[in-house]
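Enquirer: would you be able to build a 3D model of this:
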Amino acid sequence: MGRAIFDLDGTLVDSAPGITGCYRAALAEMGYQMPPDIGLPAMIGPPLLDVCRGLLARFGDTRADELARRYRALYLQWGWSECALYPGIDVALAALAGAGAELHVATAKRTVYAARMLDRLGIAARFASIRGSEDGGAFDDKAVLVADVLRGGAGPAAMVGDSRFDIAAARANAIPAVAVAWGYGQPDEHEGAVVATEAGELPGLISRLFLEG
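Expert: Residues are numbered from 1 along each chain as shown. Okay, here's the model as predicted:
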């Protein structure tokens, strides 16, 4: 049928409580309070170091590596577990798999956390691969990560995500994108993508894109 590549945070999983909680706690460890005007799109979607640079810039602090280290330590302890599947996701994935689609995850999150989350939520086995960023910065660029997921395969493919990073990664790899309206991305980030307003629409939209491809 084809390969459907899914973003994780804001697409499959509502992970905002764990992510925002860990950023807040990591900032507190460095003596800062979370700025009240920081929205979810600024914290969920971009690479970790980019988020840390943006947060610390408010305080004239350049220690992004230190904030990232503290964030990762907290996320490893408890942040990864504060998440839940979006309604209808498990049913949509089952329908796609039943129709013969090969499912993958491509996320800015560290691979180890992504695999742990999806295993806890009971859907890890649905995916042919679960891929994320790695130590040293490998695959921090979503477009590069998606290209690596696609490498060696054949046939139609589509990217499913909620943010501009997902849409841009699809465009960079010349594959169509489905933007999900329930995530953390804003509507103006979804230009050029087919939009799903609920998870139940995903099997039909992805199947149509495969046929068009």
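Enquirer: what's the nearest residue to Gln33 if we skip its chain neighbours?
Expert: Leaving aside its chain neighbours, Gln33 sits nearest to Leu27 (6.8 Å; criterion: C-beta to C-beta, 6 or more residues apart in numbering). Backbone N, C-alpha and C define where each C-beta goes, glycine included.
Enquirer: which secondary structure elements does whichever strand or helix holds the one you found contact?
Expert: Leu27 is part of helix 16-29 when elements are defined by DSSP states H and E. When contacts are defined as 3 or more C-beta pairs under 8 Å, 6 or more residues apart in numbering; DSSP states H and E, helix 16-29 sits against helix 40-43, helix 48-57, helix 64-77.
Enquirer: restricting to C-alpha, output the second one in CSV.
Expert: Extracted C-alpha coordinates of helix 48-57, given in CSV (Å, rounded to 0.1, in the frame of the first residue of the first chain):
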residue,chain,number,x,y,z
LEU,A,48,15.8,20.5,21.8
LEU,A,49,18.8,22.8,21.6
ASP,A,50,16.8,25.3,19.6
VAL,A,51,14.1,25.4,22.3
CYS,A,52,16.7,25.7,25.0
ARG,A,53,18.4,28.6,23.2
GLY,A,54,15.1,30.4,22.8
LEU,A,55,14.1,29.9,26.4
LEU,A,56,17.5,31.1,27.8
ALA,A,57,17.6,34.1,25.4
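Enquirer: so which bits of that helix are buried?
Expert: Neighbour counts over helix 48-57 (16 or more other C-beta atoms under 10 Å) mark Leu48, Val51, Cys52, Arg53, Leu55, Leu56 as buried.
Enquirer: now, among the residues you listed, which is nearest to Met34?
Expert: Comparing the buried residues of helix 48-57 against Met34 with C-beta to C-beta places Leu55 closest, at 7.8 Å.
Enquirer: and the pLDDT at the closest one?
Expert: Listed pLDDT for Leu55 reads 97.
Enquirer: quick revisit: between the buried residues of helix 48-57, which is nearest Ala154?
Expert: Leu48 (32.7 Å).
Enquirer: now the residue nearest to the closest one when sequence neighbours are not counted: how far from Asp37?
Expert: Taking C-beta to C-beta, 6+ apart, and ignoring the residues beside it in sequence, Leu48 has Ala68 as its nearest neighbour in space, at 5.3 Å. Taking C-beta to C-beta, to the nearest Å as the measure, Ala68 falls 22 Å from Asp37.
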